[in-house]
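Trainee: please work out how this folds:
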Amino acid sequence: MTDKATATSELEDLVAQADSGGRNPDQLYARRLLWWTPLIWSLFQLWIASPLPFLLGVGLWNDTQTRAIHLGFAVLLAYLLFPAFKSSPRNHIPVLTWITAIVAAAAASYQWWDYSGVAARTGIPNTTDLVMAGIGIVLLMEAARRSLGFPLMGVALFFLAYVFFGSWDGLPEVVRWKGASFEKAMSHLMLTTEGVYGVALGVSSGFVFLFVLFGALLNKAGAGNYFLQLAFAALGHLRGGPAKAAVIASAATGLISGSSIANVVTTGTFTIPLMKKVGFPATKAGAVEVSSSVNGVLTPPVMGAVAFLMTEYVGVSYVEVVKTAIVPAAISYIALIYIVHLEALKMKLPGTSKMHPVKFMLGAVFMIAISIIIAGGTLWLCGFIVRVLNTALGDPSLWVILALIAVSYVAALAYAARQPDLEMSLESMEHLPPTKEIFKTGIHYIMPILLLMYLLMIERKSPGASAFWSAIFMLVILATQHPIKAFFRKNADMMDETKRGFTEIAEGLIDGARNMVGLAAAMGVAGIIVGAVTLTGIGQVMAEFVEFLSGGNLMAMLFFVALISIILGMGLPTTANYIVVSSLMAGVVVELGAQSGLIVPLIAVHMFVFYFGIMADVTPPVGLASFAAAAISGADPLKTGFQAFFYSIRTALLPFLFVFNTDLLLINVGPAHAVVIFIVATIAMLLFAAATMNYFIVPSKLWESAILLLVALMLFRPGFFMDQITPKFEARPGIELFERAEQAGDDASIRVRVIGEDLYGDPVDARYLLPLGAAGADGPTRLMDAAGIEFREEDGKIFVDNLNFGGTAEQLGIDFDWEVAELEVSANRMRKEIFYIPAFILLAGVAFMQRRRKLALEAEGVAA
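Mentor: Residues are numbered from 1 along each chain as shown. Have a look, this model is predicted:
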């Protein structure tokens with residue numbers, strides 16, 4: 001076997017072990033079982049997401065039962081697909097593995113096949129319940145170890161040890177708790193919805209599977225190849241073009257993949273060799289791919305399924321999550337393109353484009369902005385057409401809309417049939433047709449993505465329903481695209497092409513289920529961690545630990561939270577990563593921030609810990625995405641990881657910025673202001689990238705890079721400088737709470753400073769931001785409806801009287817009988833944006849100096 005073939009084989013093995021399983025048995029019965037089981041799992045998930053069970057009255061199960069069936073499929077396939085050890089056989093499944101897999105599946109699905117008995121015995125489990133729970137929790141963790149590696153299992157073992165042995169005298173008193181019996185722990189973790197069968201597994205069963213399936217079907221149809229070649233055709237010929245194309249291709253692939261590792265391999269197989277060919281060192285080629293692939297997980301609409309978890313944990317709509325995430329993700333990608341461009345300039349890589357480098361960068365920003373506007377405009381236009389048809393036709397409008405979609409789809413295929421289908425090979429990537437020719441071949445791939453976004457953003461359907469109908473559309477595309485193209489080309493057998501389509505449907509359904517095995521197991525194990533946190537109250541311990549480390553300093557506190565989030569996220573898949581870091585660290589930021597006077601909306605806190613949890617995919621020594629890229633590039637994995645981390649500094653900067661300046665998350669920001677924020681933040685991020693790369697127009701001097709960093713800070717957070725001149729808020733008596741809450745506008749918030757005692761009797765003096773929702777009601781009603789908090793007036797003072805369980809106020813950590821000491825209202829002062837003026841003056845000065853040096857260097861070159 002050649003070195004190239006060996007490397008390819010090792011890479012395929014890495015991907016299989018990471019995503020879909022490395023076992024390929026010789027036995028016919030085993031191969032058939034591993035073909036039919038994931039197929040049936042996918043069909044089951046489509047069935048429970050469809051309206052058919054309700055229409056036919058067949059196959060109706062409640063949420064807990066469907067979660068149990070979902071987990072049963074996952075652990076069964078985890079044992080059958082993933083060998084226990086590196087030395088375990090790949091070509092057959094041992095008898096012991098068969099037995100363990102069946103027992104694990106039976107234990108995981110116990111809440112399905114004995115649901116009525118478990119429900120009747122809630123709180124008083126019998127021996128069978130406890131035995132099945134104990135077996136289930138052990139075999140679930142082993143399934144996670146096989147499919148995901150040891151890190152997640154190790155974290156779960158640590159928390160289980162704390163559950164059972166947290167009362168040990170050898171532990172410091174600050175972390176000690178009373179401990180739990182086996183009965184209490186198993187009841188909480190495995191027999192209720194507080195642990196394994198909780199929110200995380202519910203999101204996995206209800207939403208995430210369908211989105212992963214949608215991505216697998218889209219990729220099987222050829223969309224991944226289409227987006228990759230489209231990016232290369234548009235950017236590949238420019239200076240450092242393959243690296244720029246890698247960034248864009250990874251962003252597009254991120255729409256259909258929730259795995260940074262899968263993203264690296266899908267695009268990196270083509271982008272990394274081409275980057276090396278134009279002059280990028282192997283380490284930097286792999287690092288560019290890692291940085292751009294990890295960014296794909298942070299990019300809406302899917303965000304590695306975290307977008308849907310966030311809606312459950314934070315209690316906001318999906319649209320709000322997307323709006324919050326879009327600006328940081330967009331400017332981070334633009335900055336990465338710029339970093340790649342600066343690397344190409346520093347290495348003096350040639351480019352075949354006639355465009356001037358600076359013009360190209362402005363053009364790239366313009367193209368991305370225009371693409372966002374076109375996509376948004378298309379969704380708005382579709383919504384407008386649907387509203388007109390509904391108004392004019394009523395119920396029959398649905399059939400008219402379906403007919404319009406069908407006509408548009410057939411027209412797109414007729415257009416695509418004029419061009420040959422895209423080839424998928426490294427050689428074809430070097431000799432691509434013009435961008436517009438490639439664009440014609442895959443317009444129909446854009447339609448299901450637009451449908452998904454339309455249902456989510458315009459119709460405001462649930463994520464599960466949106467993904468279901470989008471997946472159904474993908475099944476139609478897979479079944480019909482080849483025969484319809486054959487009809488228009490008149491040069492192929494339509495029957496053979498139809499068979500090909502149904503074969504691809506089966507393969508797509510199987511791929512989707514196999515890609516979910518590790519993810520579903522991760523959701524279950526993450527439920528163990530979440531259950532341990534709620535059972536033991538360790539979240540409060542983490543807050544005290546971080547407070548001790550930071551000494552009460554706000555920036556130090558955020559730094560330690562970021563560091564701990566990276567450590568907790570090492571080796572974990574995206575969704576489990578978010579569950580763990582948000583469960584442990586989000587409350588820490590809220591509590592300690594409030595005590596330091598920093599009021600951060602809950603969604604901003606969750607975005608903060610999520611960003612740093614994801615950085616673990618890059619950071620050595622565990623960065624799995626870096627290992628995947630190094631396997632392709634042939635570079636050292638650790639060097640690749642460190643280089644990728646350097647490229648990702650811009651991503652690590654963003655959470656600190658949007659915690660202090662929530663405008664970047666478009667929280668309470670109007671459309672016009674949002675456009676300004678996007679433009680200014682993009683400029684600031686490009687300047688930050690230029691400063692860290694020590695290259696702007698020409699190589700920068702140290703003082704020039706320092707000025708660029710200062711300018712970037714002034715643009716990102718102008719309020720910091722204004723706060724040094726005049727306070728942002730002025731204090732008002734707490735007794736004005738109801739009056740000001742009533743007078744506030746729509747979707748406003750009110751800042752309160754409260755004092756009291758926590759559960760341990762320690763004094764509390766903290767600030768919180770309470771949402772008020774829509775205007776029109778009196779103050780007490782708005783506070784109860786939007787923030788879930790009720791106050792009482794007593795002796796001229798305002799006290800917390802009641803809290804809604806799960807409401808915003810309760811999640812923020814506010815407690816009964818705390819007094820509203822004062823309100824903080826915005827002070828009358830100049831707008832903070834006034835500091836944009838000195839920032840741009842400083843930028844102009846640096847640009848002038850560097851422009852002069854560039855002209856001098858060019859003159860010397862001509863003279864020489």
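Trainee: show me what the helix or strand where Val764 lies is packed up against.
Mentor: Val764 is part of strand 763-773 when elements are defined by DSSP states H and E. Using 3 or more C-beta pairs under 8 Å, 6 or more residues apart in numbering; DSSP states H and E as the contact test, the elements touching strand 763-773 are helix 587-595, strand 748-757, helix 808-812. The way it works is simple: take the backbone N, C-alpha and C, and place the C-beta from them, glycine included.
Trainee: among those, which comes closest to Gly527?
Mentor: Across those, the minimum distance to Gly527, taken as C-beta to C-beta, is reached by helix 587-595, at 17.8 Å.
Trainee: any idea which helix or strand comes after that closest one?
Mentor: The C-terminal neighbour of helix 587-595 among helices and strands, as given by DSSP H and E, is helix 602-614.
Trainee: what does the domain assignment say about this structure?
Mentor: If the domains of the chain are taken from automatic domain parsing, they occupy 3-46+64-192, 201-492, 729-828, with pieces of a single domain joined by a plus sign.
Trainee: now the second one: how far from the chain's centre is it?
Mentor: Domain 201-492 sits 15 Å away from the centroid of its parent chain (C-alpha atoms, centre = their mean, to the nearest Å).
Trainee: what mean pLDDT does that domain get?
Mentor: Per-region confidence: domain 201-492 scores 79 on mean pLDDT.
Trainee: quick revisit: so what strands line up beside the strand holding Val764?
Mentor: On the basis of DSSP bridges, the sheet neighbours of strand 763-773 come out as strand 748-757 (antiparallel).
Trainee: how near is Lys461 to Ile599?
Mentor: Plainly put, Lys461 is 33 Å away from Ile599 if you go by C-beta to C-beta, to the nearest Å.
Trainee: wait, I meant Ala144
Mentor: Ala144 sits 37 Å away from Ile599, going by C-beta to C-beta.
Trainee: and if you look at Leu130?
Mentor: Remark: distance between Leu130 and Ile599 (C-beta to C-beta) = 45 Å.
Trainee: comparing these two, which shows the higher neighbour count?
Mentor: Neighbours were tallied for Leu130 and for Ile599 using other C-beta atoms under 10 Å; the higher tally belongs to Ile599 (22 against 17).
Trainee: quick one: residues contacting that one.
Mentor: Taking C-beta atoms under 8 Å, 6 or more residues apart in numbering, we find Ile599 in contact with Gly593, Arg751, Arg767, Tyr768, Leu769.
Trainee: need phi/psi at it.
Mentor: Its backbone dihedrals place Ile599 at phi -100, psi 120, with angles given as degrees, to the nearest 10.
Trainee: pLDDT score for it?
Mentor: The confidence metric pLDDT takes the value 75 at Ile599.
Trainee: how close does it sit to Thr662?
Mentor: 9 Å.
Trainee: now Met585
Mentor: Here Met585 is placed at a distance of 18 Å from Thr662 (C-beta to C-beta).
Trainee: who's more crowded, those two?
Mentor: Set side by side, Met585 and Thr662 show unequal neighbour counts under other C-beta under 10 Å, the larger going to Met585 at 27 against 20.
Trainee: and the closest residue to the more buried one other than its chain neighbours, what does it touch?
Mentor: Spatial nearest neighbour of Met585, excluding adjacent residues (C-beta to C-beta, 6 or more residues apart in numbering): Val609 at 4.6 Å. Contacts here follow C-beta under 8 Å, 6+ apart; on that basis Val609 touches Val561, Ser565, Tyr578, Val581, Ser582, Met585, Ala586, Val589.
Trainee: restricted to helices, list the residues you listed.
Mentor: Restricting these to those inside helices, with DSSP state H as the criterion, leaves Val561, Ser565, Tyr578, Val581, Val589.
Trainee: do you know the pLDDT at the second one?
Mentor: Put plainly, it is Ser565. Ser565 is assigned a predicted lDDT (pLDDT) of 81.
Trainee: that one contacts Val588, correct?
Mentor: No: in this structure, Ser565 sits apart from Val588 without contact. The criterion is C-beta atoms under 8 Å, and the distance is 9.9 Å.
Trainee: tell me which of these two has more neighbours.
Mentor: In this comparison of Ser565 against Val588, neighbours counted by other C-beta under 10 Å, the higher total goes to Ser565 at 29 against 26.
Trainee: list the contacts for that one?
Mentor: Taking C-beta under 8 Å, 6+ apart as the criterion, Ser565 is in contact with Val581, Met585, Val609, Phe612, Gly613, Met615, Ala616.
Trainee: and the third one, how far from Gly240?
Mentor: Looking back up the chat, that one is Val609. Counting by C-beta to C-beta, the separation of Val609 from Gly240 is 34 Å.
Trainee: likewise the fifth one?
Mentor: Taking C-beta to C-beta as the measure, Gly613 falls 30 Å from Gly240.
Trainee: mind jotting down where the helices sit in the stretch 601-750 of the chain?
Mentor: Assigned helices in the stretch 601-750 of the chain, in chain order: 602-614, 624-633, 637-647, 649-660, 671-693, 702-716, 718-725, 737-743 (criterion: DSSP state H, counting those that start in this stretch).
Trainee: pLDDT on the second one, on average?
Mentor: Yep, that's helix 624-633 we're talking about. Helix 624-633 carries an average pLDDT of 77.
Trainee: that helix vs helix 602-614, what angle?
Mentor: Using axes from the mean of the first three to the mean of the last three C-alpha atoms, to 10 degrees, one finds that helix 624-633 and helix 602-614 are set 40 degrees apart in direction.
Trainee: what helices or strands is helix 624-633 leaning on?
Mentor: Other elements packing on helix 624-633 under the criterion 3+ C-beta pairs under 8 Å, 6+ apart are helix 3-15, helix 260-277, helix 282-297, helix 637-647.
Trainee: of those, which is nearest Asp758?
Mentor: For the helices and strands packed on helix 624-633, the distance to Asp758 is smallest for helix 282-297, at 35.9 Å, taking C-beta to C-beta.
Trainee: quick check: the residue nearest to Met585 vs Arg650, distance?
Mentor: Relative to Arg650, and taking C-beta to C-beta, Val609 is found at 18 Å.
Trainee: ok, now Ile798?
Mentor: Using C-beta to C-beta, which is the criterion applied here, Ile798 is 44 Å from Arg650.
Trainee: please apply the same query to Val212.
Mentor: With distances defined as C-beta to C-beta, the gap from Val212 to Arg650 amounts to 28 Å.
Trainee: of those two, which one has the most company?
Mentor: Neighbour tally, Val212 and Arg650, criterion other C-beta under 10 Å: the higher count belongs to Val212, 30 against 25.
Trainee: thought the more buried one was touching Leu519?
Mentor: Yes: the criterion here is C-beta under 8 Å, and Val212 meets it with Leu519 at 6.9 Å.
Trainee: for this structure, which helix is longest?
Mentor: helix 494-536.
Trainee: after that helix, next one along is what?
Mentor: Past helix 494-536, the next helix or strand by DSSP H and E is helix 538-550.
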